[in-house]
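Chemist: Build me a structure from this.
(one chain, ligands or ions: 1)
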Amino acid sequence: MSDWEDEYEADGVTLSKPLSVQVKSWRPPSPQRARTRDTGAPRAEVDLDGGQWTNWREPTSNVCDGETRRNNSYGRSRGGRGGGCCDGERSRSSPTILNVDNSLVGRIIGRGGAKIRELEESSGASIKINRGVDEAEVMIFGSGDVQLKAKDMIEDLVQGRSFRGPMGSNGNSNTGYQRDSCWSASAVQAVGAAAPARVPIDWIALRENRDKYEAIKWQDLPPLKKDFYIEAESVAAHSAEEVKIWRKENNNIFVDDLVEGEKRTFPNPVCTFEEAFAHYPGIMENIVRVGFQKPTPIQSQAWPVILKGIDLIGIAQTGTGKTLAYLLPGFIHMDEQPLPRDQRNGPGMLVLTPTRELALQIEAECNKYSYKGFKTICIYGGGDRRAQINKVRSGVDIVIATPGRLNDLQMNDLINLRSITYLVLDEADRMLDMGFEPQIMKIILDIRPDRQTVMTSATWPTGVRRLAKSYLKNSMMVYVGTLDLATVNTVHQMVLIVQEEEKKAYVFDFIHRMEPQDKVLIFVGKKIKADDLSSDLCLQGIPVQSMHGDREQCDREEALQDFKDGRVRILVATDLASRGLDVHDITHVFNYDFPRNMEEYVHRVGRTGRAGRSGASVTLVTRDDWKIASELITILERSGQDVPEELVLMAERYEKRQREKEMYAPKGGRGGGRRGGFRGGSDRRF
Ligand code: AMP
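Modeler: Numbers count the residues shown, from 1 in each chain. Model (predicted):
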């Protein structure tokens, strides 16, 4: 065992240092609290004190999407360690899935999550609820018997009955609501006899009515046109083999038709701008004006699909030209609608995007290609609400918005979304990470269902798949490169193993060695550290800007503009800047603190080496980061980077430590709570 390993407890948490925010806010399961199992979905806990669902990664969210509670009784029954046992149990039989109308999900969850917790304890099952547009998917995990028991109970709850609970050996219910009743059995029976007979719910009628009201809601919509594609002869002439080779050579593009049933022929890629837009001279003029040479791989393959009016999911690395991939066909879509623009009574295109910075960037891109005088508005929290409302009132064609502020305007009837026919969900994975799913759901409810929808995402986790399933229809998918985490291979990535207290010296040394044309984005883990580091640099007379969530919006915009325009060549930022920010000439990314997870690492590194340029990243890794060593090695190897020997040793030591812990962990009991038993994410591999 190495000399410093002893300082670490399970999961690589240093004993002498305060736990990270996430760990600190986690409280072990107790009769008062139930906690989620790590499924990759945002974790949630049932906070009985507050009487509401609290997502502890995203404290503002109180919607219980994707939550799974850990089942303590599994752990006990197997005499082992909570989380691991759940996973084992889960793998024994596939889950039972019930579809429940959204309006009835509350009956299963109960106030403060009381019912679902009791349900889990009584049945022994683990239950996960994914809300969709109209219905929620209730997934029941556990052995066959356990699933059956839980299913019966859930059906009882949905139909308005108290669940029966498992029967004890004497035939009496030994759990369930009646167990805790303060009324005697005879009193309960007497009340039951006096109560009017329960009228069964007519589910079929309810569903039919819903469909009827949906039809009424959308009956007076103007006609919609979606297919504008005229395939060029040169595109149609490519053989299947040629297309296969082209896709392989262009970032290993993979395409898929997600339609259920018989697959459609996937459109051939376009290799030139003319092949896509020869019939749209206004678009061609713009492209010639900006001087692009040829479409990027995602554009080549996305344009034919979108122009044909097919919903598209685009999975591509950052900086690959995703924005133009959906904007240019969107312009054509808007311009070619049968109903003239001045009669549409509202905007035609909506782009939902996670952050203000991205929204402003997309707006700038829209304005750069200003097509047919379309008016664009950027709606985001922190911006002047009144000015945004006034601009909407004055008439706009394209809305680029963050979900929170748009939902606010929508709820107050300040914007009409019925006129939207082209919807873009940009950086969907990031929007989910930020807890925007409830707002997205509400926004989309007001957009006509036969619209065209395009979704982009840098990754393809379960949440994004669920979003795609809920809001896109018969879609096609294009992804560039591998679906696993991949960093751009145009970035040279250097990893340095350092002590925490050496970090400042490293960053100052780096800055002093910068060439005049260099531009560096320095990532730190906390807002306070961004302030601290930037004021240290200022005190040394080094021009610097900083960007984090506690700064005023105008200051953030100014910081970004200064950095873009080169007035400062150093920007210190939190992960607010890790995704989507498009500053062409960033030469270096400096990871002062290692990010929360590997996805963030990939996004950070992708801020340099953009649009075909090369870049470099420097990442400081301390021994506190040892549990990510193995994953970082995989990422480095995948993009052909050097892997420092010390990082390999670090990964080995962590792995060894994990094995020892497994070996010497006490048998039986709860396995020492989170540290001993509950493991998820990257730890699972050890
Ligand atoms: P995005 O992935 O949308 O953030 O785009 C990254 C950058 O690539 C933006 O600045 C675009 O203007 C630029 N870009 C988009 N399409 C092309 C292209 N075909 N050739 C060169 N640069 C492009």
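
Chemist: Could you give the number of residues near E631?
Modeler: Applying other C-beta atoms under 10 Å, we find 17 residues neighbouring E631. For glycine as for every other residue, the C-beta is placed from the backbone atoms N, C-alpha and C.

Chemist: go on, A150?
Modeler: A150 is surrounded by 25 other residues when neighbours are defined as other C-beta under 10 Å.

Chemist: before we move on, what about Y479?
Modeler: Neighbour tally, Y479, other C-beta under 10 Å: 21.

Chemist: Could I get the average pLDDT for stretch 465-483?
Modeler: Stretch 465-483 comes out with an average pLDDT of 86.

Chemist: does it come close to the ligand?
Modeler: No: residues of stretch 465-483 contacting the ligand under C-beta under 6 Å from any ligand atom: none, with a closest distance of 10.5 Å.

Chemist: That stretch: how far from the chain's middle?
Modeler: For stretch 465-483, the gap between its own C-alpha mean and the chain's C-alpha mean amounts to 13 Å (C-alpha atoms, centre = their mean, to the nearest Å).

Chemist: Kindly export that stretch (C-alpha atoms) in CSV.
Modeler: What follows is stretch 465-483, C-alpha atoms only, in CSV (Å, rounded to 0.1, in the frame of the first residue of the first chain):
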residue,chain,number,x,y,z
ARG,A,465,-33.1,8.9,-25.2
ARG,A,466,-36.2,9.4,-23.1
LEU,A,467,-36.5,13.0,-24.3
ALA,A,468,-36.1,11.9,-27.9
LYS,A,469,-38.8,9.2,-27.5
SER,A,470,-41.2,11.7,-26.0
TYR,A,471,-40.8,14.6,-28.4
LEU,A,472,-39.5,13.4,-31.7
LYS,A,473,-41.5,11.3,-34.2
ASN,A,474,-40.1,8.7,-36.5
SER,A,475,-36.8,10.3,-36.2
MET,A,476,-33.4,9.6,-37.8
MET,A,477,-30.2,9.8,-36.0
VAL,A,478,-26.8,11.0,-37.1
TYR,A,479,-23.8,10.7,-34.9
VAL,A,480,-20.3,11.7,-35.6
GLY,A,481,-17.6,9.7,-34.0
THR,A,482,-18.1,7.2,-31.3
LEU,A,483,-21.1,7.4,-28.9
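
Chemist: Going by neighbour count, list what's buried in the lengthiest helix in the chain.
Modeler: Of all segments of type helix in the chain, defined using DSSP state H, the longest is helix 645-664. Within helix 645-664, the residues scored as buried using 16 or more other C-beta atoms under 10 Å are 647, 650-651, 653-655, 657-658, 661.

Chemist: Dump stretch 232-249 to CSV, keeping only the CA atoms.
Modeler: Provided in CSV are the C-alpha atoms of stretch 232-249 (Å, rounded to 0.1, in the frame of the first residue of the first chain):
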residue,chain,number,x,y,z
ALA,A,232,-28.9,16.6,-56.5
GLU,A,233,-28.1,14.1,-59.3
SER,A,234,-24.5,13.9,-58.0
VAL,A,235,-25.8,12.9,-54.5
ALA,A,236,-28.2,10.3,-55.8
ALA,A,237,-25.4,8.8,-58.0
HIS,A,238,-23.3,7.6,-55.0
SER,A,239,-23.4,3.9,-54.5
ALA,A,240,-24.1,2.4,-51.1
GLU,A,241,-20.4,1.4,-50.9
GLU,A,242,-19.2,4.9,-51.7
VAL,A,243,-21.5,6.3,-49.0
LYS,A,244,-20.2,3.8,-46.5
ILE,A,245,-16.6,4.8,-47.2
TRP,A,246,-17.4,8.5,-47.1
ARG,A,247,-19.1,8.1,-43.6
LYS,A,248,-16.1,6.1,-42.3
GLU,A,249,-13.7,8.7,-43.5
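
Chemist: Quick one: mean pLDDT for it?
Modeler: For stretch 232-249, the mean per-residue pLDDT is 93.

Chemist: repeat for stretch 206-217
Modeler: What stretch 206-217 shows for mean pLDDT is 80.

Chemist: gap between M477 and D446?
Modeler: 26 Å (C-beta to C-beta, to the nearest Å).

Chemist: who in the stretch 151-300 of the chain is up against the ligand?
Modeler: Counting by C-beta under 6 Å from any ligand atom, the residues of the stretch 151-300 of the chain close to the ligand are 292, 295-296, 299.

Chemist: Comparing M477 and D446, which shows the higher neighbour count?
Modeler: Under the neighbour definition other C-beta under 10 Å, M477 and D446 were set side by side, and M477 has more, 20 against 14.

Chemist: Helix, strand, or coil at that one?
Modeler: In the three-state summary, M477 is assigned as strand, counting by DSSP: H, G, I helix; E, B strand; the rest coil.

Chemist: List the residues that contact it.
Modeler: By C-beta atoms under 8 Å, 6 or more residues apart in numbering, the contact set of M477 is 255-258, 312-315.

Chemist: between those, which is nearest the ligand?
Modeler: The ligand has its nearest neighbour among the contacts of M477 in G314, at 10.1 Å by C-beta to the nearest ligand atom.

Chemist: now for the helix or strand hosting the closest one, which elements pack on it?
Modeler: With secondary structure defined by DSSP states H and E, G314 is part of strand 312-315. Counting contacts by 3 or more C-beta pairs under 8 Å, 6 or more residues apart in numbering; DSSP states H and E, the secondary-structure elements packed against strand 312-315 are helix 297-307, helix 322-335, strand 452-457, strand 476-479.

Chemist: again, only using 7 Å
Modeler: Using 3 or more C-beta pairs under 7 Å, 6 or more residues apart in numbering; DSSP states H and E as the contact criterion, the neighbours of strand 312-315 among helices and strands are helix 297-307, strand 452-457, strand 476-479.

Chemist: Run through who's touching that strand.
Modeler: When contacts are defined by C-beta atoms under 7 Å, 6 or more residues apart in numbering, strand 312-315 is touched by residues 298, 302, 305-306, 322, 325, 454-457, 460, 468, 472, 475-479, 483.

Chemist: What subset of those is buried?
Modeler: Buried members of these, counted by 16+ other C-beta under 10 Å: 298, 302, 305-306, 322, 325, 454-457, 460, 468, 472, 475-479.

Chemist: which residues of the chain score low on pLDDT?
Modeler: 1-93, 132-134, 161-198, 317-318, 481-489, 578-580, 610-612, 665-686 (pLDDT under 70).
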